[in-house]
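Engineer: Attaching a predicted model along with its sequence, questions to come.
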Amino acid sequence: MPKVKKKRVGFVIDMTPLVDITFLLLTFFMFTAKFKSEAEAEQKFFIERPLASADTSKLPEQDLAIVKIAFPDSTKQDTSYFYEMTNEADWNAVKSGIEGLTPEQMQGAQLQVSIETLEALIKRTYIVNSETSMAIDADKSIRFKWVSEAMDVLSKNRFTKFNYVTKKR
Amino acid sequence: MAGGGSLGGGGRSKRGKSSKRKSKKRVGFVLDMTPLVDITFLLLTFFMFTTTMATPQVMEMKVPPEIDVPVEVKESELLSILVDKDGDLFYFRGQGEAEELKMKNLKNLAIKENLNQINRLIIVLKVSDDTEYGTVVQVLDELNLAEAGIVDEMRVKRNQPNFERSRKFTIADLTEDDMEKIATLKPQTGGSQ
């Protein structure tokens, strides 16, 4: 009696290794993913950071205050200071000590400030938490005057050590 | 594969009675993984595209605290590096004559001058207000790279394994006097305004 051949429809691929590796990658990316902070989400401009050679030092995550110096719009005509802090409690404490902030500014995670307000904010930051680490995040094509004024303000208010945020070359 | 519901052991044995075919012995069970794989791929692509791998790095900067009393320094221990508004570099020792400097020679100059006056040389970086910030960072970067070169030279080539480096460095404004000093060195084509 001849064997009855079973008709095969389609074919089967063993998906197990594929699924394995996919899960592995998924877990990796899920754990390494870092979401934008509130301040970054508010930010409407882009900072083209200056290039520097590779360095192992990274931006601290705790108690960080960033002075951003950037062009607020794409025409690159104006330059402005922005100030933000990662520690929310400190940030609210700092803001509550500054006079003349609108209710909107009190809510915001990033403030667009003049050099005078910046000085007041930095002075207040030192009072609230003197352990705060300072960083200057400036666009590479701004004039150095803006950075040097910010540096003067920082050193006047006893922040003699700070970081420039750079991009790996 | 048989239709959905009839995969259980019960159905199999019932059918086995009516046919002479040997029933295939099944080990384990089959689970349709397709939706799982679909959603996993979706999440994977999402996380892959939203993650930014290049976290910004930082360059540490220390400035001397504000003090009222001027510090006296020896003229011979002073090396001024000037950066003008076009990003051109110049340097002079003490109160000497300014000389032109190229970015690629900056590191070697810093190493050489520092080795002449170990831990005593003060580098003053004088930057014009109109220089681009990116250029300044580039200069600072070169000077940072020179530090490694100095320590290496001392510890390895000069055989002082316990050499400790103390760096003396400051940033200042470019003054009118400095501008005059470098005015003659600037290329005249378009340099004068």
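Structural biologist: Alright, I've got the coordinates.
Engineer: only C-alpha atoms for contact and neighbour calcs from this point on.
Structural biologist: Will do.
Engineer: What is the burial count for A:Gln107?
Structural biologist: 12 (other CA atoms under 10 Å in any protein chain shown).
Engineer: Look up how far chain B lies from A:Thr86.
Structural biologist: Look at A:Thr86 and chain B: by CA to the nearest CA, to the nearest Å, they are 16 Å apart.
Engineer: isn't that residue right next to A:Pro60, touching?
Structural biologist: No: taking contacts as CA atoms under 8 Å, A:Thr86 lies outside contact range of A:Pro60: 9.9 Å.
Engineer: ok, the two, which is more surrounded?
Structural biologist: Shown here are A:Thr86 and A:Pro60; by other CA under 10 Å, A:Thr86 has more neighbours (19 against 16).
Engineer: For the more buried one, give me its contacts.
Structural biologist: For A:Thr86, the contact set (CA atoms under 8 Å, 6 or more residues apart in numbering or on different chains) comprises A:Glu61, A:Gln62, A:Asp63, A:Leu64, A:Ala65.
Engineer: Most neighbours among those, which one?
Structural biologist: Result: A:Ala65 is most packed of these (other CA under 10 Å), 23 neighbours.
Engineer: Just confirm that one is within a strand.
Structural biologist: Yes: counting by DSSP: H, G, I helix; E, B strand; the rest coil, A:Ala65 is part of a strand.
Engineer: got a pLDDT number for it?
Structural biologist: With respect to pLDDT, A:Ala65 scores 92.
Engineer: For it, which non-adjacent residue is closest in space?
Structural biologist: Nearest non-adjacent residue to A:Ala65, counting by CA to CA, 6 or more residues apart in numbering or on different chains: A:Met85, 4.2 Å away.
Engineer: How about the contacts made by the one you found?
Structural biologist: A:Met85 sits next to A:Asp63, A:Leu64, A:Ala65, A:Ile66, A:Trp91, A:Ala109, A:Gln110 when contact means CA under 8 Å, 6+ apart.
Engineer: and the next element down the chain from the longest helix seen in chain B?
Structural biologist: Ordering each helix of chain B by length in residues (DSSP state H) puts helix B:133-152 first. As assigned by DSSP states H and E, the chain's next helix or strand after helix B:133-152 is strand B:169-173.
Engineer: buried sites along that following strand?
Structural biologist: B:Phe169, B:Ile171, B:Asp173 (16 or more other CA atoms under 10 Å in any protein chain shown).
Engineer: Which strands or helices does the longest helix of chain B pack on?
Structural biologist: strand A:51-52, helix A:144-156, helix B:103-116 (3 or more CA pairs under 8 Å, 6 or more residues apart in numbering or on different chains; DSSP states H and E).
Engineer: switch the cut-off to 6 Å
Structural biologist: The contact analysis (3 or more CA pairs under 6 Å, 6 or more residues apart in numbering or on different chains; DSSP states H and E) places helix B:133-152 against helix B:103-116.
Engineer: What helix or strand is B:Phe46 located in?
Structural biologist: helix B:34-50.
Engineer: near chain A, which residues of chain B show up?
Structural biologist: B:44, B:47, B:51, B:56-63, B:65, B:129-134, B:141 (CA under 6 Å from any CA of the partner chain).
Engineer: Not counting residues beside it along the chain, what's closest to A:Lys140?
Structural biologist: Excluding its sequence neighbours, the residue lying closest to A:Lys140 (CA to CA, 6+ apart) is B:Gly134, at 4.1 Å.
Engineer: For the one you found, grab the count of nearby residues.
Structural biologist: Neighbour tally, B:Gly134, other CA under 10 Å: 23.
Engineer: Tell me how far the nearest residue to B:Phe163 once chain neighbours are set aside lies from B:Pro161.
Structural biologist: Excluding the flanking residues, the one nearest B:Phe163 by CA to CA, 6+ apart is B:Arg155, at 6.1 Å. Distance, B:Arg155 to B:Pro161, by CA to CA, to the nearest Å: 5 Å.
Engineer: now A:Leu18
Structural biologist: 53 Å.
Engineer: Same question for A:Thr160.
Structural biologist: For A:Thr160, the distance to B:Pro161 - CA to CA - is 30 Å.
Engineer: higher neighbour count, these two?
Structural biologist: Neighbours per residue (other CA under 10 Å) separate A:Thr160 from B:Pro161, with A:Thr160 holding more: 18 against 12.
Engineer: tell me the contacts of the more buried one?
Structural biologist: By CA atoms under 6 Å, 6 or more residues apart in numbering or on different chains, the contact set of A:Thr160 is B:Lys62, B:Val63, B:Pro65.
Engineer: and stretch B:170-184, how far from the chain's centre?
Structural biologist: Counting by CA atoms, centre = their mean, to the nearest Å, stretch B:170-184 is centred 29 Å from the centre of its parent chain.
Engineer: How about the residues of chain A by chain B?
Structural biologist: Counting by CA under 6 Å from any CA, the residues of chain A near chain B are A:26, A:29, A:33, A:50, A:52, A:57-59, A:140-145, A:155, A:160-167.
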